[in-house]
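Peer 1: structure for the following, please:
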Amino acid sequence: MNKENVMNKYAGTQSEKNLMTAFAGESEARNKYTFFASVAKKQGFEQIAALFLKTADNEKEHAKLWFKELNGIGDTADNLKAAAAGENYEWTDMYDSFAKTAEEEGFPELAARFRLVGAIEKHHEERYRALLHNIEMAEVFAKSEVKCGSAATAATSWWAPRPPKSAPPAITPRATLKSTRKIIDDGERRLG
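Peer 2: Below you'll find the model as predicted:
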C-alpha cells in the first residue's frame, strides 16, 4: 500500500475530527494505564497492575482501529516518512515553542527539559530518515562495505556485502539475519 495514493474518506469532516480525538484519547489512556500499572506493581498490587496492563492493551487496539480508519498506517516506507515528519514537528516547532513559553512563565527547568526532549526527537527523525534511505536504496539487507554476519539461532555465518537471499532451512528467516561491521585491528578479526 502506498499511503499517498489512499484518500481519507473523512477528510475535512467532523467525523475525521472525532476519529482523531478518539485516537488521541485511546493513545493517552494506554500510556496512563501503563504508568499506573508500574506504580501498582511497585506497591505490590500485582493483580491491579495486570488489570491496568490488560486494559492498556485494549486501549491500544481501540487506538489502532481509529488510526486505521484514518488511513494512518501505510507500508514501512510510508510509516517511516510519517514518523520522521512527526518527530521533525516535535523538535522544530512543538518543543521549541513549549520551551520558550516555559521560560517566559518563569519555569527554566521545564524549558530545559523541553529542549532536551526536543534534541532526542531530532535524533529520532534522523534515525527514521536513515532507515527510509536504506529502504529506498535497497540497502536494508545490503551495505556498501563487507559485513560479517550470522543468524541468531544457528552456526551459519558469511563474509559478503549482503546476507543470502534466503536462510538455509535450519536457521531463521532472512529478516532476522544480522550484519556486523568487519574491523581489522593488528591482524585480528573482531566483530563490532
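Peer 1: residues of whichever strand or helix holds residue 63 that come out buried?
Peer 2: Using DSSP states H and E, residue 63 maps to helix 46-69. Buried positions in helix 46-69, judged by neighbour count with 16 or more other C-beta atoms under 10 Å: 49, 52, 53, 55, 56, 59, 60, 62, 63, 66, 67, 69. (C-beta placed from N, C-alpha, C; glycine too.)
Peer 1: surely the first one touches residue 40?
Peer 2: Going back to what we said before, that points to residue 49. Yes. Applying C-beta atoms under 8 Å as the test, residue 49 and residue 40 come out as touching, 4.0 Å apart.
Peer 1: mind listing what the residue nearest to the spatial centre of the chain touches?
Peer 2: The residue lying closest to the centre of the chain (C-alpha atoms, centre = their mean) is residue 83, at 7.4 Å. The contact partners of residue 83, taken as C-beta atoms under 8 Å, 6 or more residues apart in numbering, are 124, 128.
Peer 1: report pLDDT for it.
Peer 2: Residue 83 carries a pLDDT value of 97.
Peer 1: tell me how far residue 84 lies from residue 134.
Peer 2: The gap separating residue 84 from residue 134 is 13 Å, by C-beta to C-beta, to the nearest Å.
Peer 1: how about residue 41?
Peer 2: Distance from residue 41 to residue 134, by C-beta to C-beta: 38 Å.
Peer 1: now residue 119
Peer 2: 23 Å.
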